[in-house]
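**Q** Build the 3D model from these lines:
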Amino acid sequence: MRIETKYFGVVEIKEEDIIRFPQGIPGFLDEKDFVLLNFEESGLFQVLQSIHQQNPAFVVIDPFLFVEDYQFKLDDATINQLSIEKKEEVRALSIVTVREPLTTSTANLQAPVIINQSNKQAKQLVTMHSKYTTREAIFQQSSNTKEA
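**A** Numbers count the residues shown, from 1 in each chain. As a prediction, the model looks like this:
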């Protein structure tokens, strides 16, 4: 299947790679089908790309790569909605706000995207009571190491 993307032009994707958001994503409730595309070879950043149109396309990152002790709690409704049977099925991603320079970019740790990797069902989990914000610095640890 060929899709038009925001960052990569036309790309070929496989049906089995489609991630479905049964309830859509907040702000984009009609967009339910996405695919993850690597932004660069390392795969540090990826794009959660709508398969139906160029937008929305969200730059995402694994929050555990820059917040070592990152935690979130899945409620029963989310577990049931995504048919999660074991924690190994769960993948969490954070939506990135890309800024110039890149080192000032932030990630939304308060509302992670949760994907059941087994069945490709997903949802953005909006947590109201969280020690995290919607604009957590991604690169702050590397700038702190310079001071040592």
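**Q** can you give me the helices in this structure?
**A** With DSSP state H as the criterion, the chain has helices at 76-81, 140-147.
**Q** so where is the protein shaky, pLDDT-wise?
**A** Counting by pLDDT under 70, the chain contains low-confidence residues at 140-148.
**Q** shouldn't Gln54 be in contact with Gly9?
**A** No - checked against C-beta atoms under 8 Å, the pair Gln54 and Gly9 is beyond contact range at 9.6 Å. Where you see a C-beta, it was placed from the backbone N, CA and C, and this is true even at glycine.
**Q** between these two, who's got more neighbours?
**A** Between Gln54 and Gly9, Gln54 has the larger neighbour count (other C-beta atoms under 10 Å), namely 13 against 9.
**Q** ok, the more buried one - contacts?
**A** Neighbour list for Gln54: Glu4, Thr5, Lys6 [criterion: C-beta atoms under 8 Å, 6 or more residues apart in numbering].
**Q** just Asp75 next, same as before
**A** Residues near Asp75 by C-beta under 8 Å, 6+ apart: none.
**Q** again, but for Ala111
**A** Pro26, Ile95, Gln124, Leu125, Val126, Thr127, Thr134.
**Q** Would you check how far apart it and Asn55 are?
**A** 19 Å (C-beta to C-beta, to the nearest Å).
**Q** do the same with Ile95
**A** 14 Å.
**Q** Who has more neighbours out of those two?
**A** Higher neighbour count among Ile95 and Asn55: Ile95, with 20 against 12, using other C-beta under 10 Å.
**Q** correct me, but that one touches Pro56?
**A** No - judged on C-beta under 8 Å, Ile95 makes no contact with Pro56 at a distance of 9.9 Å.
**Q** for this structure, which strand is longest?
**A** strand 90-97 (DSSP state E).
**Q** Just the residues contacting that strand, thanks.
**A** The contact list for strand 90-97 (C-beta under 8 Å, 6+ apart) reads 45-46, 48, 58-64, 70, 72, 74, 84, 105-109, 111-117, 124, 135-136, 138.
**Q** Take the contacts of Gln54 and keep only those in strands.
**A** Filtering the contacts of Gln54 for strands - DSSP E - leaves Glu4, Thr5.
**Q** Would you show me how to pick out the buried ones of the contacts of Gln54 in ChimeraX?
**A** Only the buried entries of these go into this ChimeraX selection, using 16 or more other C-beta atoms under 10 Å:
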select :5,6
